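Enquirer: give the three-dimensional model of this entry:
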Amino acid sequence: MTQTRKWQYACPRCKADIVVDPGYPAWCENCGWNTEPEPWPPPSSAIAKLYLSLGKRFGNSLLDEIVHTSELRPTPTTSDISALIIATVTHAITLAFWGAGLWLIFGVAIRYWDEGRQVLALSVPAGILCLLIGYWLTPKLGKMPKEAFTHNQLPKTFELVDRVTTALHASNVQGIIIDERWNASFTQVGIRREGILRIGLPLVTTLDSQELIALIGHEVAHGINGDPTRGLYVGSAIQSLNHWYTTLDMLAIGMVRTRSIYSATLGFLLKLLTVIPWALIQVLLNLTWRGSQRAEYLADYLGAKVGGSSAMISLLRKLHLGHVFAQTVDRVAQRWAIEQLSIFKEMKSYVSQMPARELERLRRLEIHEDAQLDRTHPPTAFRVRSIEAHEARSDNSAMVVLADLEKDAALYELSAYEPTVERFLLQDYR
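Expert: So this is what the prediction gives:
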């Protein structure tokens, strides 16, 4: 990223003089204008609105509890038990359709086999319909994606991940997916809950050794932090209910839009039916919100424990550069015909050359209580305070210390996929 001389203009809010570093967001130290250049838009989905509402109501009390807890660990609560009961009801509905389908096809059909075709003509189709509904209601646990890399394909990267999972006593990761996002995530698929680590290559290439360990630690901690929304039983129930709601809602909208009075009436009835799964989702999310948020704090705690508190806080700061990454992609794409810049080199340059003003902007952003990486996470300010509170009670020594040569070996292995990711980003932009 080419640096030019600084320039100055007046803040549009308080009229104070602002010194702007070219290539970095303009913001005002006096009034805080534009500290977050692209603030979160109002939540569009009902679930996002619910998370935001619950966060505003209970966020401060939960943070106070987290800060004063000597050591974070998964702790079952009465809300978790209530969520298990509702999840059981949800799964029981699915099993009831499977059972009814099997009984209609085999039980009724065999019992009345000699009494004529009329019974068979009713029971068998009804049984098949129940089985189809049961299959539709069954939660889809997923399977290992084809794009996931295995140990043999990314040995150096898996070596780092395995060191972290061993230190945290977590299950080994079976697959790694490399994508174009300024983020990372962890998920589990199948009955065996095989772990998949998804890492955004643009983000990873800008991290130092301990930030990389903290990132991996935070993500794999989602497999052991007791998050009820990610668990097999409650998590699959939420997934099922959401699937029921979206499918019924889609069918209802399609039928209401037709000119047939019968279809419109059926669509209206289906729309009323969506109230049931949506109400159950609301109840489940209310019951699991505290446990889910607590699990995020625990993931931060474990990420700080394995990579170091300062590395975990620095990682959170860099995660707020998503808008800068989007602007970089935009700038490179627009200048591609004139100057074929590299998105990865531009972002590395941006991060490595950050002036004091930009570091101060990020520091202010991380302590701003409205700043979140997404609606399901606690505010970054709360997460930093939690990490700092637990740091004060420990020696802040990282459980896994990564040598620069080890990090470079893993990044060299991952760099082979930079052209593919960059090509995808440019094509997606166009």
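Enquirer: by contact count, what packs against the helix or strand hosting residue 196?
Expert: Using DSSP states H and E, residue 196 sits within strand 194-200. Other helices and strands packing on strand 194-200, by 3 or more C-beta pairs under 8 Å, 6 or more residues apart in numbering; DSSP states H and E, are strand 173-179, strand 184-189, helix 209-220. For glycine as for every other residue, the C-beta is placed from the backbone atoms N, C-alpha and C.
Enquirer: most packed of these?
Expert: The highest average neighbour count among the helices and strands packed on strand 194-200, using mean count of other C-beta atoms under 10 Å, belongs to helix 209-220 at a mean of 27.
Enquirer: can you tell me how far the most centrally placed residue in the chain is from residue 160?
Expert: In the chain, the residue lying closest to the centroid (C-alpha atoms, centre = their mean) is residue 185, at 5.8 Å. Residue 185 sits 17 Å away from residue 160, going by C-beta to C-beta, to the nearest Å.
Enquirer: one more: residue 31?
Expert: 43 Å.
Enquirer: ok, those two, which is more surrounded?
Expert: residue 160 (20 against 14; other C-beta atoms under 10 Å).
Enquirer: wait, isn't residue 254 in contact with residue 270?
Expert: No: assessed by C-beta atoms under 8 Å, residue 254 is found out of contact with residue 270, at 9.5 Å.
Enquirer: which of the two has more residues huddled nearby?
Expert: residue 270 (19 against 12).
Enquirer: tell me which residues touch the more buried one, please.
Expert: 248, 249, 251, 252, 255 (C-beta atoms under 8 Å, 6 or more residues apart in numbering).
Enquirer: what number of residues lie near residue 422?
Expert: Around residue 422 there are 18 residues (other C-beta under 10 Å).
Enquirer: what lies in contact with whichever strand or helix holds it?
Expert: For residue 422, the host element (DSSP H and E) is helix 418-429. Contacts with helix 418-429, where a contact means C-beta under 8 Å, 6+ apart, come from 178-180, 201-202, 205, 329-330, 332-333, 336, 342-344.
Enquirer: derive a ChimeraX selection command for the buried subset of those residues.
Expert: Per 16 or more other C-beta atoms under 10 Å, the buried members of the contacts of helix 418-429 correspond to this ChimeraX selection:
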select :178,179,180,201,202,205,329,332,333,343,344
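Enquirer: sort the contacts of helix 418-429 by pLDDT and name the bottom one.
Expert: Minimum pLDDT across those is recorded for residue 336, with 75.
Enquirer: in three-state terms, how would that one be classified?
Expert: State at residue 336, reduced to three classes by DSSP: H, G, I helix; E, B strand; the rest coil: coil.
Enquirer: once you drop chain neighbours, what's closest to it?
Expert: The shortest distance from residue 336 to any non-neighbouring residue, by C-beta to C-beta, 6 or more residues apart in numbering, is to residue 426 (6.6 Å).
Enquirer: the one you found and residue 199: what is the separation?
Expert: Distance from residue 426 to residue 199, by C-beta to C-beta: 20 Å.
Enquirer: ok, those two, which is more surrounded?
Expert: residue 199 (23 against 14).
Enquirer: burial of the nearest residue to residue 224 once chain neighbours are set aside, as a residue count?
Expert: Residue nearest to residue 224 in three dimensions, not counting chain neighbours: residue 170, with 4.9 Å by C-beta to C-beta, 6+ apart. Residue 170: 21 surrounding residues under other C-beta under 10 Å.
Enquirer: pretty sure residue 170 belongs to a helix, no?
Expert: No: counting by three-state DSSP, residue 170 is not part of a helix but coil.
Enquirer: and the pLDDT for it?
Expert: pLDDT, read off for residue 170, is 92.
Enquirer: how much space between it and residue 177?
Expert: Distance from residue 170 to residue 177, by C-beta to C-beta: 18 Å.
Enquirer: how distant is stretch 302-313 from the center of its chain?
Expert: With C-alpha atoms, centre = their mean, to the nearest Å as the basis, stretch 302-313 stands 19 Å off its chain's centre.
Enquirer: could I get the average pLDDT for stretch 408-422?
Expert: Mean predicted confidence for stretch 408-422 is 92.
Enquirer: so which bits of it are buried?
Expert: 409, 410, 411, 413, 414, 418, 421, 422.
Enquirer: can you redo those as a markdown table with distance to residue 278?
Expert: Output for the buried residues of stretch 408-422, formatted as a markdown table (distance: C-beta to C-beta, whole Å):
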| residue | distance to residue 278 |
| --- | --- |
| 409 | 49 |
| 410 | 44 |
| 411 | 45 |
| 413 | 45 |
| 414 | 41 |
| 418 | 43 |
| 421 | 37 |
| 422 | 41 |
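Enquirer: for those residues, which one is nearest residue 94?
Expert: Nearest to residue 94 among these, counting by C-beta to C-beta, is residue 421 at 39.0 Å.
Enquirer: so where's the protein uncertain?
Expert: 1-6, 37-52, 55, 109, 112-119, 337, 366-375, 392-396, 429-430 (pLDDT under 70).
Enquirer: longest single helix anywhere in it?
Expert: Counting by DSSP state H, the longest helix found in the chain is helix 275-307.
Enquirer: count of neighbours near residue 68?
Expert: Counted by other C-beta under 10 Å, the residues lying close to residue 68 total 8.
Enquirer: what does residue 355 give?
Expert: Residues near residue 355, counting by other C-beta under 10 Å: 15.
Enquirer: hang on, it packs against residue 24?
Expert: Yes: in this structure residue 355 lies within contact range of residue 24 using C-beta under 8 Å: 6.8 Å.
Enquirer: chain neighbours aside, what residue packs nearest to residue 104?
Expert: Nearest to residue 104 is residue 127, by C-beta to C-beta, 6+ apart, at 3.2 Å.
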